[in-house]
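Chemist: my questions concern the predicted model and sequence given below.
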Amino acid sequence: GAVVSQHPSWVICKSGTSVKIECRSLDFQATTMFWYRQFPKQSLMLMATSNEGSKATYEQGVEKDKFLINHASLTLSTLTVTSAHPEDSSFYICSAPRGGHTDTQYFGPGTRLTVL
Amino acid sequence: GQQVMQIPQYQHVQEGEDFTTYCNSSTTLSNIQWYKQRPGGHPVFLIQLVKSGEVKKQKRLTFQFGEAKKNSSLHITATQTTDVGTYFCAGRRAGNMLTFGGGTRLMVKP
């Protein structure tokens, strides 16, 4: 069964509004979670690393004020796309590592964001 | 920065034919992982390779990690329509984040 959940699975919003996406690890704790963005038929681009209890680490070129990340608990990280615009439309996927030595990333099912 | 290149970008095969995707890193990796993403789905972990020259098999899938730990390959023997999807490699340098290759999209004609 799924070990990482994401909510919502899809969202359509008007330009200028903010959208919050939740990523939850099920049955395990994740001090670190990762947020990716994927455009159609393209690879995963790491946006940021979410750290429980501390600030997120953003990849170069990702606006931290636009993509707000909060990792308030060991099982929940949220990504808020603020003042969304059509160019923010994309597939957003989170992942969390489970198990120490294997360091396997378990991905959430993704959230498809469409900004009108 | 670290780059992970994957080829080919696309591959059409007839069902029953073999398929191989190659992954090359500009730097030595501590490990490499392979993922499969079905159309409309999310990436699913397949395997992790850690040792130089390592070869692992999963049924019809064979994964190799190069001796220099800078390249890897995934070979599928006798493809089936269920193999359709995009295969991503993801390399990690010691202490660093995973860097994903561009993916190889496999299409299988029945």
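Modeler: Looks like it arrived, so ask away. Numbers count the residues shown, from 1 in each chain, chains lettered A, B, ... in the order given.
Chemist: show me what the worst-scoring helix or strand of chain A on mean pLDDT is packed up against.
Modeler: When each helix and strand of chain A is scored by mean pLDDT, DSSP states H and E, strand A:104-107 comes last, with a mean of 82. Judged by 3 or more CB pairs under 8 Å, 6 or more residues apart in numbering or on different chains; DSSP states H and E, the packing partners of strand A:104-107 are strand A:90-98, strand B:31-37, strand B:44-49. Just so you know, the C-beta spots here come from the backbone N, C-alpha and C atoms, and that holds for glycine as well.
Chemist: rerun that using 6 Å as the cut-off
Modeler: Strand A:104-107 sits against strand A:90-98, with contacts defined as 3 or more CB pairs under 6 Å, 6 or more residues apart in numbering or on different chains; DSSP states H and E.
Chemist: partner strands of the strand it packs on and their direction?
Modeler: If you go by DSSP bridges, strand A:90-98 pairs up with strand A:32-38 (antiparallel), strand A:104-107 (antiparallel), strand A:111-115 (antiparallel).
Chemist: hang on, the earlier thing: so what touches the least confident helix or strand of chain A?
Modeler: Around strand A:104-107, the neighbours that count as contacts under CB atoms under 6 Å, 6 or more residues apart in numbering or on different chains are A:3, A:4, A:93, A:95, A:96, A:97, A:98, B:42, B:43, B:45.
Chemist: go with 8 Å
Modeler: A:3-4, A:25, A:34, A:93-98, B:33, B:35, B:42-45, B:48, B:90, B:98 (CB atoms under 8 Å, 6 or more residues apart in numbering or on different chains).
Chemist: from residue B:92, how far off is residue B:27?
Modeler: With distances taken as CB to CB, to the nearest Å, residue B:27 is found 10 Å from residue B:92.
Chemist: looking at these two, which has the bigger crowd around it?
Modeler: A direct count of neighbours by other CB atoms under 10 Å in any protein chain shown for residue B:27 and residue B:92 places residue B:92 higher, at 20 against 14.
Chemist: gap between that one and residue B:31?
Modeler: Taken as CB to CB, the span from residue B:92 to residue B:31 is 5 Å.
Chemist: equivalent analysis for residue A:105, please.
Modeler: For residue A:105, the distance to residue B:31 - CB to CB - is 12 Å.
Chemist: please apply the same query to residue B:90.
Modeler: As judged by CB to CB, residue B:90 and residue B:31 stand 9 Å apart.
Chemist: which strand or helix spans residue B:90?
Modeler: Following DSSP states H and E, one finds residue B:90 within strand B:85-92.
Chemist: scratch that, residue B:74
Modeler: strand B:71-76.
Chemist: is chain A contacted by that strand?
Modeler: No - Strand B:71-76 is not in contact with chain A by CB under 8 Å from any CB of the partner chain; minimum separation 15.2 Å.
Chemist: and what of stretch B:98-110?
Modeler: Yes - legend: contact between stretch B:98-110 and chain A by CB under 8 Å from any CB is shown at B:98, B:99, B:100, B:101, B:102, B:103, B:105.
Chemist: pLDDT averaged over stretch B:16-23 - what is it?
Modeler: The average pLDDT for stretch B:16-23 rounds to 98.
Chemist: show residues contacting it.
Modeler: B:4-8, B:11, B:13, B:32, B:71-79, B:83, B:87, B:89, B:91, B:101, B:104, B:106.
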